[in-house]
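Student: Structure of the sequence below:
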Amino acid sequence: MFKTVLFPIDQSREAREAADVVANVVQKYGSRLILLSVVEEPAPDAPSTETMTSPEAVAQLLENAKSLFAQQGIQAESIEREGKPAFTICDVADEIDADLIVMGCRGLGLTEEGASDSVTSRVINLSPCPVLVVP
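Tutor: Numbers count the residues shown, from 1 in each chain. Below is the predicted model of the structure:
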């Protein structure tokens, strides 16, 4: 049913909690698991931060997630992209022909418009496949 599952991750608590649901789905359906980390280009006038913009932080996040799933016998592939998170998640889902996107109800990226227009909300509206939102 779900041959390919896309799991967009960031450093949020919600993403960590969604990992359990992802593991259950992948194990139940024998799915291929793709981890995705999207780095949003900071605005030129934004103060510099080392959160998710450094390539090292992103690589470490993806490696930690792969290790977490490997401990459960799940082999995961990882993709790192740069761009607007919601659009990039949907583009990658389309590229890999994902059957399901699993994500936390909110991550680190609320948009300028606030929670009603969060990355999760945008993905739900733009996704080429079903989206499972983990509260």
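Student: Residue 92 against residue 36, yeah?
Tutor: Yes: counting by C-beta atoms under 8 Å, residue 92 does reach residue 36; the two are 5.5 Å apart. Backbone N, C-alpha and C define where each C-beta goes, glycine included.
Student: Any stretches of this structure with poor pLDDT?
Tutor: Residues of the chain meeting the criterion pLDDT under 70: 42-53, 106-117.
Student: Now do the strands in it.
Tutor: 4-8, 32-39, 76-82, 100-104, 131-134 (DSSP state E).
Student: Which other helices and strands does the fourth one contact?
Tutor: In this structure, strand 100-104 packs against strand 4-8, helix 13-29, helix 85-95, helix 119-126, strand 131-134, with contacts taken as 3 or more C-beta pairs under 8 Å, 6 or more residues apart in numbering; DSSP states H and E.
Student: Off-centre distance for it?
Tutor: Computed by C-alpha atoms, centre = their mean, to the nearest Å, the chain-centroid distance of strand 100-104 equals 7 Å.
Student: what's the answer for the first one, then?
Tutor: Centroid separation for strand 4-8 versus its chain: 7 Å, with C-alpha atoms, centre = their mean.
Student: what's the angle between that strand and helix 85-95?
Tutor: Calculated by axes from the mean of the first three to the mean of the last three C-alpha atoms, to 10 degrees, strand 4-8 forms an angle of 160 degrees with helix 85-95.
Student: any chance of the strands of the chain in JSON lines, plus mean neighbour count?
Tutor: Shown next, in JSON lines, are these (neighbours: other C-beta atoms under 10 Å):
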{"stretch": "strand 4-8", "mean neighbour count": "26"}
{"stretch": "strand 32-39", "mean neighbour count": "22"}
{"stretch": "strand 76-82", "mean neighbour count": "16"}
{"stretch": "strand 100-104", "mean neighbour count": "25"}
{"stretch": "strand 131-134", "mean neighbour count": "17"}
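Student: of all the helices and strands packed on strand 100-104, which gets the most neighbours per residue?
Tutor: strand 4-8 (a mean of 26; mean count of other C-beta atoms under 10 Å).
Student: partners of it, with directions?
Tutor: strand 32-39 (parallel), strand 100-104 (parallel) (DSSP bridges).
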